[in-house]
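Student: Prediction below, plus the sequence it came from.
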Amino acid sequence: MTDAGRVLIVEDESGLREGLASAVERLGCSSLAVPGLGEARRLLRDQSVDCILLDIRLKDGDGLDLLAELRAGPLRDVPVIMATAYGDSERTIRAMRDGAFDYVTKPFDLPALLVTVQRALEQRRMSREQRRAERPLAEGGGLVGSSAAMLVTWKLIGRAAASAAPVLVTGETGVGKELVARAIHDYSARAREPFVAVNLAALPAGLIESELFGHEKGAFTGASARRAGRFELAAGGTLLLDEIGDLEPSLQTKLLRVLHDGKFERVGGHETLDFRARVVAATHKPVHPGEPGSQLREDLYYRLAVIEIQVPPLRARRSDIPQLVAHALRAVPARAVSEAAMELLSAYHWPGNVRELMHVVERAGVLASGEIIDVPDLPEAVRNHAVAPDTDTERLSLREAVSRLERRMITDALQQTNGNRSEAARRLGIARAQLYAKLQEFGIE
Ligand SMILES: Nc1ncnc2c1ncn2[C@@H]1O[C@H](COP(=O)(O)OP(=O)(O)OP(=O)(O)O)[C@@H](O)[C@H]1O
Ligand SMILES: [Mg+2]
């Protein structure tokens, strides 16, 4: 199960097919790979895919025939990248004329091919997005929960949606940063304009610049036509710079300049374009000035974090867990979770946060023998490590056990940091304000 999309690879040479499949998976996509047109047709009858990489010369026929069928049928929105032998101009022209998303020549330039795949997936996402814009908004932007911590997050989303100022969304992996970014867009005045996301950690450093800025024809080897970058595609809408904490220093400098001047140029071009996107940046890495391990320039941090939304880890909002579980159950055959299983789910510390909880419930919901998910259906980690081993929880209520554990973790963190509350909060993965509230609740000095 991945968020990035599913890519079908049709390629008759087995080594190449497997190589492509694993390269695509490294992008965070899932892949399906088949050797010929027959298998591809069968598979497309009952599986959905987001992008197809299609070789033209296959043992059982011509890839262009499949392209034509796809364009005429219900899958016409699925982008198809055709692979042609170098120099096969006639087929290349026909492929593009017949609606291929792009073509790539063999032997493959893998990094460039992967960027093309990502661009195809992005287009797919945008056309989906547009269809979604015609439907009513999911309440709360699809964010489930009603804890005090989520309430704070919603307020900030509302405030961010009302302005065009840059937003920085921080929080551990899987807490819902991308959903927050989308909610900001969906509730903003730009909701009908494009939402363009770019994952800065997934792109090879050498390609980020032309991805963001676009390029002119001939800007570098392989730049066979002018291409609009994400800055341009997001004009009027929202640009999500995801994993901003991974952006290398020289590109941070360039980004800072664009944000400062409100202008940019395509790679290899002289025309100055206006930067008209609203920026939301997200990261799970440390980015605060002075925070250990932060690699984000301080001036860039301040430019991006005009509004900052710290999405709390799931363990800091356990009261949301039952609602999130109910949400995850909609996707599986099982109907409910037993009380004992729910207690374990509520007590676990969820290092992978909401994403991990969703996966655990979905898996258990598929594996459960009946309609109820019970303790044995849960993964061992959740069954065994829900509560720290040396806490005596035998005769305690769940709430009491959890609050003892919280108190102990907080005291430990304060001891380890010599009473430095900011650092302790960081280690605990909670906001400073939450730590203060806990200190008050527990009467810790
Ligand atoms: N409050 C929520 N309600 C419903 N689903 C949620 C919520 N928060 C997160 N999810 C789901 O959890 C998964 C992870 O969310 P998302 O991709 O937004 O996390 P992230 O913070 O961007 O993680 P990463 O740092 O790993 O990129 C998604 O499937 C998302 O739909
Ligand atoms: Mg994310």
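Tutor: Now that the structure is in, tell me what you want to look at. Ligands and ions are numbered 1, 2, ... in the order given.

Student: Residue numbers of the stretch 101-250 of the chain in contact with ligand 1?
Tutor: 143-145, 171, 173-179 (Cβ under 6 Å from any ligand atom). C-beta: built from backbone N, CA, C; applies to glycine.

Student: which sections of the protein are below the confidence cut-off?
Tutor: Counting by pLDDT under 70, the ranges of the chain that qualify are 1-3, 86, 129-140, 385-396.

Student: which helix of it spans the most residues?
Tutor: Longest helix in the chain by number of residues (criterion: DSSP state H): helix 110-133.

Student: Give me the contacts around that helix.
Tutor: Residues outside helix 110-133 that contact it (Cβ atoms under 8 Å, 6 or more residues apart in numbering) are 4-5, 7, 23-24, 27, 29, 50-51, 53, 77-79, 81, 101-102, 104, 191-192, 194-197, 202-204, 206-207, 211, 222.

Student: buried subset of the residues of the stretch 101-250 of the chain next to ligand 1?
Tutor: Of the members of those, the ones counted as buried by neighbours, 16 or more other Cβ atoms under 10 Å, are 143-145, 171, 174-179.

Student: Spit out the contact partners of the residue in the stretch 51-200 of the chain that ligand 1 sits nearest to.
Tutor: For the stretch 51-200 of the chain and ligand 1, the shortest gap (Cβ to the nearest ligand atom) falls at Gly176, measuring 2.7 Å. The neighbours of Gly176, taking Cβ under 8 Å, 6+ apart as the test, are 143, 311, 353-354.

Student: Show me the two of these that sit farthest apart.
Tutor: In the contacts of Gly176, the most distant members under the criterion Cβ to Cβ are Leu143 and Asn353, with 13.0 Å between them.

Student: circling back: of the contacts of helix 110-133, select the buried ones using a PyMOL command.
Tutor: For selection in PyMOL, the members of the contacts of helix 110-133 meeting the burial criterion (16+ other Cβ under 10 Å) are listed in this command:
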select buried, resi 4+5+7+23+24+27+29+50+51+53+78+79+81+101+102+104+194+195+196+197+202+203+211
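
Student: Could you list which of the contacts of helix 110-133 belong to strands?
Tutor: Among the contacts of helix 110-133, the ones falling in strands (DSSP state E) are 7, 51, 53, 81, 102, 104, 195-197.

Student: Quick check: the farthest pair among those residues?
Tutor: Within the ones in strands among the contacts of helix 110-133, Val104 and Phe195 form the most distant pair, 26.8 Å apart (Cβ to Cβ).

Student: Which residue, other than its chain neighbours, is closest to the closest residue to ligand 1 within the stretch 201-350 of the chain?
Tutor: When distances are taken as Cβ to the nearest ligand atom, the stretch 201-350 of the chain approaches ligand 1 most closely through His284, which lies 4.0 Å from it. Leaving out its chain neighbours, the residue that sits closest to His284 by Cβ to Cβ, 6 or more residues apart in numbering is Thr173, at 4.7 Å.

Student: Could you double-check that the one you found lies in contact with Asn353?
Tutor: Yes. With contacts defined as Cβ atoms under 8 Å, Thr173 counts as touching Asn353 at a distance of 6.5 Å.

Student: What residues sit buried inside the longest helix of the chain?
Tutor: Along helix 110-133, these residues count as buried under the neighbour rule (16+ other Cβ under 10 Å): 113-126, 129.

Student: Settle this for me: Ala234 is touching Ala277, isn't it.
Tutor: Yes. With contact defined as Cβ under 8 Å, Ala234 counts as touching Ala277 (3.7 Å).

Student: Next, show the common contact partners of these two.
Tutor: Listed contacts common to Ala234 and Ala277 are Val196; contacts here mean Cβ under 8 Å, 6+ apart.

Student: Got the domain ranges for this structure?
Tutor: 6-126, 141-312, 315-387, 398-442 (automatic domain parsing).

Student: From start to finish, how long is the longest one in a straight line?
Tutor: Distance across domain 141-312, first residue to last, is 17 Å (Cα to Cα, to the nearest Å).

Student: contacting residues for Leu259?
Tutor: 166, 275, 279, 300, 303-304.

Student: if you set the cut-off to 6 Å instead, what comes out?
Tutor: Contact criterion Cβ atoms under 6 Å, 6 or more residues apart in numbering gives Arg303 as the residues in contact with Leu259.

Student: Okay, and it sits in which element?
Tutor: Mapping Leu259 onto the secondary structure by DSSP states H and E places it in helix 249-261.

Student: List the contacts of Ile373.
Tutor: When contacts are counted by Cβ under 6 Å, 6+ apart, Ile373 touches 334, 337, 341, 364-365.
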